[in-house]
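Peer 1: Give the three-dimensional model of this entry:
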Amino acid sequence: MQFLRKWQKGIIIRVIADILMINFTLFTAFIARFLGLIVFGFIENVRPNLDYSILFWDFSLRSYIWASGILTGICIIVFYVAGFYTNGRAYRGHYKILTIICAVAISYLVFGVYSYVLKGISPNIPRSVFLWGWVFTTLMLIAARLCSSIWTKVIIAESHIRPLRKGENIRRVLVIGGAGFIGSILVRKLASRGYYVRILDNLFYGNKGLVGIENFSAIELMKGDCRDIEKIGYAMRGMDAVIHLAAIVGDPACALDEKLTREINLASTRMVGELAKGFGVRRLIFASTCSVYGACDNLIDERSSLNPVSLYAHTKIDSEKVLLDLATADFSPAILRLATVYGLSYRPRFDLVVNLLIAKALTEKKISIFGGEQWRPFIHVDDVAESFCKCLEAKVLQVHGQIFNAGSNDQNYKIKQVGEMINQRWPDTIVEFVKDLDDKRNYRVGFDKIREILGFIPRKTIKDAFTEFEVAFSSNNLTNYQDQLYSNHKYLSSTDNIGLLRYDNSIFTIQ
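Peer 2: The predicted model follows:
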């Protein structure tokens, strides 16, 4: 009974709102016509020297009073039949705007026929008023419905997001891909901040990134693949948040096997999101990339249009949409679009432009810059891990359904500028510029949002990476940067390796 009263009250409010809008737009059409007659001098020619208030009554108000009641009645009946107040199928679906346009058109056509039949009995309704009223009513009803929809989806939805109460702070975090380039640093940061961390990783690139984690009592390792629904489900039990890092990363690596890339980067992400929501996980943070911006000459931010030029970027865009569509009052996904990462990690990578150029400068005294004029935003891997921590620590309303570019405005560089910095650090390095450019990406990104909302400011620069790698190479901690294990593309290019990654139920069992 209470629900019925609430439902009836909602209908009454919508009917009253529509009546007001119908009358307002019709009255606006009469006023517009009257002002037009004055501006163009028609009234002066017909009835000179008469008071405008009297003229307004004769030319507009008398007709409006008669027309408003008839038009309002017709509109409300047609609107009801069209499902405006009963949420009919067409009105509730993707054709709401088309339904509104058709309903208003039918209402005005019926009104026009009615006026014509009663011609001579009722006041004359000018054609200009009829047409402008039709247009104004259509536009206002569409605008009102759109505003109502936005209010419902954004404002009201946010007001119903369950805030974390005392004792419900996020303390247990599942990191999928926690043994990788970013994950191996992130899990240590989380553990040092008092989180209990569960790592789920198939250890495809080995376990070097996890050497020493046994010293952290708050880190648990589960060996498993992000496509294994049983493992994912088991890993999510008891978790407050999920950080999803697992993917085939990089344009060249993704291009090796499109089906495999979509399976790991997109299909598994959908499954992870749905399972997290089903298991009551309150927050999910997804690692995306600024590569989604593709090729653009202007400074771009989270509101800019996307222009992906690679399969990798396409899968990230699709994954973002999948996860954001899962958002509810109790499940808050957030997206971090990472700048181009560099720096030393527990699982090193030398298929990243800055890391590769530094390694070549230190070992071969010669680097090649392809193109050089293309822009890239950069961020140190340690700062990437910090950005995930900031997102995890933020209030739920700050990150719910949000996309953040993760990086620094100060670290937008042209590739040739990186080469120049390397040459300044090691003057005996030969810098060769090559005109051939296979990589079409070119983007300069703004990072104001993550700084203003999450308070994230990267601390490390490319020059800090110079020192890191210089120490690592001089101490022989990195013996051969060209080892295929340090390059996603090289490692996956091996038939044996990529064969292990292809999902086959007959052989895929991880204990």
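Peer 1: So residue 455 sits against residue 389, correct?
Peer 2: No. Between residue 455 and residue 389 there is no contact under C-beta atoms under 8 Å: 11.4 Å. No exception for glycine: its C-beta is placed from N, CA and C like everyone else's.
Peer 1: So those two - more neighbours on which side?
Peer 2: Taking neighbours as other C-beta atoms under 10 Å, residue 455 and residue 389 compare with residue 389 leading, 20 against 11.
Peer 1: element containing that one, please.
Peer 2: Assigned by DSSP states H and E, residue 389 belongs to helix 381-393.
Peer 1: Tell me where the chain has strands.
Peer 2: Listed in chain order, the strands of the chain (DSSP state E) span 172-176, 196-201, 219-223, 241-244, 283-289, 295-300, 332-338, 340-342, 366-370, 375-380, 403-406, 412-414, 430-434, 442-445.
Peer 1: Lowest average pLDDT across these?
Peer 2: Between the strands of the chain, the lowest average pLDDT goes to strand 295-300, which shows a mean of 82.
Peer 1: tell me the phi and psi of residue 180?
Peer 2: Residue 180 adopts backbone torsions of phi -90, psi -170, taken as degrees, to the nearest 10.
Peer 1: Kindly state the pLDDT recorded for it?
Peer 2: If you check residue 180, the pLDDT there is 94.
Peer 1: Settle this for me: it is touching residue 207, isn't it.
Peer 2: No. Using C-beta under 8 Å, residue 180 is not in contact with residue 207; the gap is 11.0 Å.
Peer 1: okay, and for the stretch 1-150 of the chain, where does confidence drop off?
Peer 2: Counting by pLDDT under 70, the stretch 1-150 of the chain shows low-confidence ranges at 1-10, 34, 37-62, 86-95, 117-124, 148-150.
Peer 1: and if you look at the stretch 201-350 of the chain?
Peer 2: Along the stretch 201-350 of the chain, no part satisfies pLDDT under 70.
Peer 1: returning to that earlier point: who's more crowded, residue 180 and residue 207?
Peer 2: Taking other C-beta under 10 Å, residue 180 and residue 207 do not tie; residue 180 has more neighbours (28 against 14).
Peer 1: give the contact list for the more buried one.
Peer 2: Each residue near residue 180 by C-beta atoms under 8 Å, 6 or more residues apart in numbering is listed here: 201, 205, 209, 245-246, 347.
Peer 1: OK, contacts around residue 308?
Peer 2: 291-292, 294, 314, 316-317.
Peer 1: er, residue 140 I mean
Peer 2: Contacts of residue 140 (C-beta under 8 Å, 6+ apart): 21, 24-25.
Peer 1: Mark which of the residues you listed are part of helices, please.
Peer 2: Members of the contacts of residue 140 lying in helices (criterion: DSSP state H): 21, 24-25.
Peer 1: By neighbours, which of those wins?
Peer 2: Neighbour max across the ones in helices among the contacts of residue 140 (other C-beta under 10 Å) = residue 25, 21 neighbours.
Peer 1: That residue contacts residue 142, correct?
Peer 2: No. Residue 25 is not in contact with residue 142 according to C-beta under 8 Å; the separation is 11.7 Å.
Peer 1: Identify the residues contacting the closest residue to residue 391 other than its chain neighbours.
Peer 2: What sits nearest to residue 391 in space, not counting adjacent residues and going by C-beta to C-beta, 6 or more residues apart in numbering, is residue 285, at 5.2 Å. Residues near residue 285 by C-beta under 8 Å, 6+ apart: 241-244, 333-336, 388, 391-392, 399.
Peer 1: again with residue 404
Peer 2: Residue 404 sits in contact with 302, 334-337, 387, 391, 449-450, 453-454, where contact means C-beta under 8 Å, 6+ apart.
Peer 1: Adding distance to residue 471, write the ones in helices among the contacts of residue 140 out as CSV.
Peer 2: CSV is the format used below for the ones in helices among the contacts of residue 140 (distance: C-beta to C-beta, whole Å):
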residue, distance to residue 471
21, 70
24, 72
25, 72
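Peer 1: Now do the contacts for the residue nearest to the spatial centre of the chain.
Peer 2: The chain has residue 403 as the residue nearest its centroid, 4.8 Å off, counting by C-alpha atoms, centre = their mean. Listed by C-beta under 8 Å, 6+ apart, the contact set of residue 403 reads 288, 302, 320, 324, 334-335, 337.
Peer 1: Columns neighbour count and distance to residue 256 on top of those residues, output as TSV?
Peer 2: Below are the contacts of residue 403 laid out as TSV (neighbours: other C-beta atoms under 10 Å; distance: C-beta to C-beta, whole Å):
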residue	neighbour count	distance to residue 256
288	23	21
302	17	30
320	19	23
324	17	28
334	26	30
335	25	25
337	25	23
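Peer 1: related to what we said a few turns ago, with respect to residue 257, which of the strands of the chain lies nearest?
Peer 2: Closest to residue 257 of these, according to C-beta to C-beta: strand 283-289, at 19.0 Å.
Peer 1: Okay, buried residues for the closest one please.
Peer 2: Within strand 283-289, the residues that qualify as buried are 283-289, counting by 16 or more other C-beta atoms under 10 Å.
Peer 1: Need those residues in JSON lines (columns: distance to residue 133).
Peer 2: Formatted as JSON lines, the buried residues of strand 283-289 follow (distance: C-beta to C-beta, whole Å):
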{"residue": "283", "distance to residue 133": "50"}
{"residue": "284", "distance to residue 133": "49"}
{"residue": "285", "distance to residue 133": "51"}
{"residue": "286", "distance to residue 133": "49"}
{"residue": "287", "distance to residue 133": "53"}
{"residue": "288", "distance to residue 133": "48"}
{"residue": "289", "distance to residue 133": "51"}
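Peer 1: Return the closest of the residues you listed with respect to residue 101.
Peer 2: Distance ranking of the buried residues of strand 283-289 against residue 101, using C-beta to C-beta, places residue 288 first at 37.2 Å.
Peer 1: residues near residue 479, how many?
Peer 2: 7.
Peer 1: Repeat that for residue 310.
Peer 2: With other C-beta under 10 Å as criterion, residue 310 counts 20.
Peer 1: Ok, residue 260 next?
Peer 2: With other C-beta under 10 Å as criterion, residue 260 counts 16.
Peer 1: how much space is there between it and residue 315?
Peer 2: Separation of residue 260 from residue 315 (C-beta to C-beta, to the nearest Å) stands at 11 Å.
Peer 1: Could you do residue 292 as well?
Peer 2: Separation of residue 292 from residue 315 (C-beta to C-beta): 10 Å.
Peer 1: okay, the strands of the chain in TSV with distance to residue 81 next?
Peer 2: Converted to TSV, those look like this (distance: least, C-beta to C-beta, whole Å):
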stretch	distance to residue 81
strand 172-176	51
strand 196-201	54
strand 219-223	58
strand 241-244	47
strand 283-289	43
strand 295-300	47
strand 332-338	40
strand 340-342	57
strand 366-370	64
strand 375-380	55
strand 403-406	41
strand 412-414	57
strand 430-434	69
strand 442-445	51
